[in-house]
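In: Sharing a model prediction with you, sequence too.
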Amino acid sequence: MLELRHLRTLIALRDAGSLVEAADRVHLTQSALSHQIKDLEDRLGNPLFVRKTRPVEFTRAGQRLLTLAEQVLPQVRMAERDLARLAGNEQGRLHMAIECHSCFQWLMPTIDHFRDHWPEVEIDIPGGHHFDPLPALAREQLDLVITADPQPLPGVHYEPLFRYEGLLAVARQHRLASKPFVTPEQLADETLITYPVEHSRLDVFTQFLDPANVRPKEIRTAELTIMMMQLVASGRGVCSLPNWALTEYLERDYVKAVALGEKGVWSTLFAAIRDESRQAPWMEDFLRTARETSFAVLEGIKPA
C-alpha cells in the first residue's frame, strides 16, 4: 500500500509548502502529483492534508506518515550507501572548483554531510589554480565544477542543481529602493559592483544589460560579498547577487533588493562532471545531498 515515492512526496509537500512547488521537487506535473496523493488517500481511507492551506496543514494521518518518512528515508539512504560499499564502488576522488563566489553557504554543509558518509572519497578544493575549471575538468585535473555558465565540452555532463533569481541590491535610501523592478536604462547612471570575473559570466550583463545595449556609468569590483554589501549600504554603488546570497542582509534591513526587469532574471546552477563518473554511487549521492542541502538552507530557489 505504501511506497517510498509516497513518503518522498509528503516530505516534498511539507518542505515546499504547496502542491505546485512539491510537484517540481519530485519531477511530476501538479496533476500527476494530485492524482498520486488522492489515490493514496483513497487506499488509506483518510485525507492526508487540508486542501487550500499554505503552508500545507497535515491531518493526523498525514502527520503519522511524515513521521514514518523521517524515520525510513534516511535508513534507506544509508542502506544504499552500504550496498555501494559492498559492491566495491566506494573509492573515488572529488576535487572540485567553484565558479560561484556565494556558493559556500550551501556547499560547506553539503561537503560536511557527504564526508561523514563517504570517508573513503578524497575531497579537495584546490586553491590558487591558474586554469579554466571546465577544461580542467575535461582533462581530469578536477572532478566537479559548480558553475552557472555551462560550456559544450566533449565528455562533460551538466547536472542541474537548482534555479535562482538574480536581484539588484541597493541602499535603503536609494532612488530605486521602492521600485518593484528596475529597467536596464535605470542602471546607466549607476556604479555597478561585481565580483572580479569576466562580464560574460555575470547574469546582470548577459541577461539584462547587454541585450538592452546598456553600460553602467562605472564598474568596480570586490572580492567578498560582505564587502559588496558594505559598499552598497554606504551608497557607493549597486550590485546584483543571487537571491539566497542577499537573504541575511535583507532580514537585517541592511539593504533593499529589486527585481531585474518585470519578469526577473533567473538562472540555473549546475554541477559539471565527466560522463564516466555519472554512475558512481558516491557521485550520485553527492549530487543528491547538494540538492537536498540547498533546499534546506537557501530561500527563494526553485527546482531546475
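Out: Noted; the coordinates are in hand. Here the structure is a predicted model, which is why all the values come from computation and not from measurement. Residues are numbered from 1 along each chain as shown.

In: so which strand or helix has residue 295?
Out: If you go by DSSP states H and E, residue 295 is part of helix 281-297.

In: what does that helix contact?
Out: 15, 25, 77, 80-81, 84, 87, 89-90, 92, 94, 105-107, 109-110, 113-114, 117-118, 121, 144, 159, 161-162, 271, 273, 277-278, 301 (C-beta atoms under 8 Å, 6 or more residues apart in numbering). Every C-beta, even on glycine, is put in place using the N, C-alpha and C of the backbone.

In: just the strands in the stretch 1-150 of the chain please.
Out: Secondary structure of the stretch 1-150 of the chain by DSSP state E, counting those that start in this stretch: the strands cover 49-50, 57-58, 92-98, 121-124, 144-147.

In: Residue 237: which of these is closest?
Out: Closest approach to residue 237 among the strands of the stretch 1-150 of the chain is made by strand 92-98 (24.5 Å; C-beta to C-beta).

In: Okay, now the sheet partners of the closest one, with direction.
Out: According to DSSP bridges, strand 92-98 forms sheet pairs with strand 121-124 (parallel), strand 144-147 (parallel).

In: out of these, deepest packed?
Out: Ranked by mean neighbour count, the strands paired with strand 92-98 are led by strand 144-147 with a mean of 23 (mean count of other C-beta atoms under 10 Å).

In: What's the first helix or strand after that strand?
Out: Strand 144-147 is succeeded, C-terminally, by strand 156-170 (DSSP H and E).

In: Relative to the whole chain's centre, how far out is stretch 265-279?
Out: Relative to its parent chain, stretch 265-279 has a centroid offset of 12 Å by C-alpha atoms, centre = their mean, to the nearest Å.

In: Give me the contacts around that stretch.
Out: 92, 100, 103, 134, 137-138, 140, 143-148, 150, 155-166, 203-204, 207-208, 240, 259, 283-284, 287, 290, 302, 304.

In: got it, and stretch 109-126?
Out: By C-beta under 8 Å, 6+ apart, the list of residues contacting stretch 109-126 reads 78, 81, 85, 90-98, 142, 282, 285-286, 289-290, 293-294, 297.

In: Dump the C-alpha coordinates for it into CSV.
Out: C-alpha atoms of stretch 109-126 as CSV (Å, rounded to 0.1, in the frame of the first residue of the first chain):
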residue,chain,number,x,y,z
PRO,A,109,27.2,21.8,4.8
THR,A,110,26.9,19.5,1.7
ILE,A,111,30.6,18.6,1.9
ASP,A,112,30.4,18.0,5.7
HIS,A,113,27.4,15.7,5.4
PHE,A,114,28.9,13.9,2.4
ARG,A,115,32.3,13.4,4.2
ASP,A,116,30.6,11.8,7.2
HIS,A,117,29.0,9.1,4.9
TRP,A,118,31.8,8.6,2.3
PRO,A,119,35.1,8.9,4.3
GLU,A,120,36.8,6.8,1.6
VAL,A,121,36.3,9.5,-1.1
GLU,A,122,39.2,12.0,-1.3
ILE,A,123,37.7,15.5,-1.2
ASP,A,124,39.6,18.7,-2.0
ILE,A,125,39.0,22.2,-3.3
PRO,A,126,42.3,23.2,-4.8
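
In: residues of the helix holding residue 295 that come out buried?
Out: By neighbour count with 16 or more other C-beta atoms under 10 Å, helix 281-297 contains the buried residues 281-283, 285-287, 289-295.

In: Please apply the same query to stretch 132-140.
Out: Under 16+ other C-beta under 10 Å, the buried positions of stretch 132-140 are 133, 134, 136, 137, 138.

In: Check which residues of stretch 114-122 are buried.
Out: 114, 118, 121.

In: how about those residues in JSON lines, adding distance to residue 69 and pLDDT?
Out: Below are the buried residues of stretch 114-122 laid out as JSON lines (distance: C-beta to C-beta, whole Å; pLDDT from 0 to 100):
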{"residue": "114", "distance to residue 69": "22", "pLDDT": "90"}
{"residue": "118", "distance to residue 69": "23", "pLDDT": "86"}
{"residue": "121", "distance to residue 69": "27", "pLDDT": "88"}
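
In: Tell me the one of these nearest residue 170?
Out: For the buried residues of stretch 114-122, the nearest to residue 170 is residue 114 (36.9 Å; C-beta to C-beta).

In: Helices along the stretch 101-250 of the chain, start to end?
Out: Taking DSSP state H, counting those that start in this stretch as the test, the helices found in the stretch 101-250 of the chain are 104-117, 133-138, 203, 225-233, 243-251.

In: now these in CSV, with distance to residue 45?
Out: Shown next, in CSV, are the helices of the stretch 101-250 of the chain (distance: least, C-beta to C-beta, whole Å):
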stretch, distance to residue 45
helix 104-117, 38
helix 133-138, 52
helix 203, 50
helix 225-233, 52
helix 243-251, 41
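
In: Lowest average pLDDT across those helices?
Out: Here the lowest mean pLDDT among the helices of the stretch 101-250 of the chain goes to helix 104-117, at a mean of 88.
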